[in-house]
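Chemist: Coordinates for the following, if possible.
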Amino acid sequence: MEIYLVGGAVRDQLLGRPVVDRDWVVVGATPESMLAAGYRAVGKDFPVFLHGDSKEEYALARTERKTGRGYHGFAFHADPSVTVEADLERRDLTINAIAQHGDGTLVDPFGGVADIEARLLRHVSDAFVEDPVRLLRVARFAARYAALGFRVADDTMALMRRMVENGEVDHLVPERVWAETRKALAEPAPEVFVRVLRACGALRVLFPEVDALYGVPQRPEFHPEVDTGIHMEMVLHAAAVLAPGDALVAYCALTHDLGKALTPADVLPRHIMHEQRGIEPVRELSARLKVPADYAFMAEMVCKHHLNAHQAFELKPSTVLRLLEALGALRRPERLETFLLACTADKRGRLGFEDAPYPQADYLRACRVAAGAITSKPFTDAGLQGPAIGEAMKKAQAGAIAKVAKPA
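Modeler: The predicted structure follows:
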């Protein structure tokens, strides 16, 4: 029995990054010998075991064979004759196909170390095209390592385009698309995820509402970058800077301007009522990907109300109160924070506005505190009942908001 550290742990070790999870491959073993050695079986489709002490995963070396379309269409084979090189060959990228022996020596049959040095994301073999999830994974790794200078190798991008052209991507189920997207939105450069998907044609298939933003012009005095798709990328980047690792804020950034793709051509580059037009495509995208309810809700709120946030100082106190109520922010202040982070990202996601202040955020936070301080007790003590209590509270809350100081 030989045991090798594999995959992301080896890759990140070579990159000088923290190793979070460690996975192991076992060569020359059987399920029976693993159980006899004290490991606990957990794999359903192929033999995977948990170490008794560390609880880390140990998988028997295996090969795989394509048997059908989509990511489920594989048959796995594991027995003591499968070598570590054969196990590595089934992996997606060369930088993930490096194994480390217990003595520290590396097994690198596909040039992963060289590709790490060259900052390339390159497929291991043409079998890459058999699993459409790999296309999303490449885009996600590009988003993770963009700051280190990584890019998708030209031959790998060509394979990804082929996967789109031959319809393999059409067989991705929504749950897998969302699982990879959610991870990508939490990466340091989520805009690169979108960029890579667009370059290979998958954005048009998987996120047509987002793809439709590219080439749509905006008024240059408000958006010097002009192109709405480029603006969306910049907002995604700003969201990652403001809220690192927060996929919810990033999803709101991704979807906040979907209505601009539906602006009638005769009124461009203006986008009157784009926030209202955007509600339906946001709902369609969220429903198709089966995103969690909090993601769907906040994306719709940011789409619908981000202009209200930008114009917060001009809003009537009653309008501010309706905004806070729509968000449910009086009971769930974290929703207001998500909303304000996304709106700040929208302001900063413009050419030349990357460090622009956004005093509207502190103002709206103060309005929430003022409105939240109003309780029903004074009104019930005064003898009010039923709807009259709510009406009196709303009036008092609007009065409290009116007293909140605005920037000079």
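Chemist: give the contact list for residue 304.
Modeler: Contact partners of residue 304, counting by CB atoms under 8 Å, 6 or more residues apart in numbering, are 275-276, 278-279, 326. For the C-beta atoms, the positions are set from N, CA and C on the backbone; glycine is no exception.
Chemist: Mind checking which of the residues you listed are in helices?
Modeler: Residues of those located in helices (DSSP state H): 275-276, 279, 326.
Chemist: Between the residues you listed, identify the one with the most neighbours.
Modeler: The most crowded member of those, judged by other CB atoms under 10 Å, is residue 275 (20 neighbours).
Chemist: any idea of the pLDDT on that residue?
Modeler: Looking at residue 275, its pLDDT is 94.
Chemist: cool, residue 72 as well?
Modeler: 51.
Chemist: One more: residue 67?
Modeler: 49.
Chemist: And the contacts of residue 304, which two are furthest apart?
Modeler: Greatest spacing in the contacts of residue 304, by CB to CB: 278 and 326 (15.3 Å).
Chemist: the helices in the stretch 201-350 of the chain, which residues?
Modeler: Taking DSSP state H, counting those that start in this stretch, the helices of the stretch 201-350 of the chain run over residues 202-206, 208-211, 228-242, 247-255, 274-277, 279-289, 293-310, 317-327, 333-348.
Chemist: residue closest to the middle of the protein?
Modeler: Centroid check for the chain by CA atoms, centre = their mean gives residue 185 as the closest residue, at 2.0 Å.
Chemist: check contacts around that residue.
Modeler: With contact set as CB under 8 Å, 6+ apart, residue 185 has these partners: 193, 247, 250-251, 254.
Chemist: residues of stretch 100-110 that come out buried?
Modeler: When burial is assessed from 16 or more other CB atoms under 10 Å, stretch 100-110 yields the following buried residues: 100, 107-110.
Chemist: can you put the residues you listed in JSON lines and add secondary structure?
Modeler: JSON lines is the format used below for the buried residues of stretch 100-110 (DSSP: H, G, I helix; E, B strand; the rest coil):
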{"residue": "100", "secondary structure": "strand"}
{"residue": "107", "secondary structure": "strand"}
{"residue": "108", "secondary structure": "coil"}
{"residue": "109", "secondary structure": "coil"}
{"residue": "110", "secondary structure": "coil"}
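Chemist: Now the residues you listed in CSV, please, with extra columns for pLDDT and distance to residue 234.
Modeler: Conversion of the buried residues of stretch 100-110 to CSV gives the following (pLDDT from 0 to 100; distance: CB to CB, whole Å):
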residue, pLDDT, distance to residue 234
100, 95, 39
107, 96, 42
108, 96, 38
109, 96, 41
110, 96, 36
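Chemist: So which of the residues you listed is the closest to residue 176?
Modeler: Within these, the smallest distance to residue 176 is 24.8 Å, found for residue 110 (CB to CB).
Chemist: Quick check: closest non-adjacent residue to that closest one.
Modeler: The shortest distance from residue 110 to any non-neighbouring residue, by CB to CB, 6 or more residues apart in numbering, is to residue 94 (4.6 Å).
Chemist: wait, that neighbour sits on residue 123?
Modeler: Yes. At 7.5 Å, residue 94 counts as touching residue 123 under the criterion of CB atoms under 8 Å.
Chemist: How about residues contacting the host helix or strand of residue 113?
Modeler: Using DSSP states H and E, residue 113 sits in helix 112-118. By CB under 8 Å, 6+ apart, the list of residues contacting helix 112-118 from outside reads 11, 14-15, 93-98, 106, 121-122, 153.
Chemist: repeat that for 6 Å
Modeler: For helix 112-118, contacts defined as CB atoms under 6 Å, 6 or more residues apart in numbering pick out 14, 94-95, 97-98, 122.
Chemist: one step back: include distance to residue 218 when you put the helices of the stretch 201-350 of the chain into a markdown table, please.
Modeler: Conversion of these to a markdown table gives the following (distance: least, CB to CB, whole Å):
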| stretch | distance to residue 218 |
| --- | --- |
| helix 202-206 | 19 |
| helix 208-211 | 16 |
| helix 228-242 | 6 |
| helix 247-255 | 16 |
| helix 274-277 | 10 |
| helix 279-289 | 17 |
| helix 293-310 | 13 |
| helix 317-327 | 24 |
| helix 333-348 | 12 |
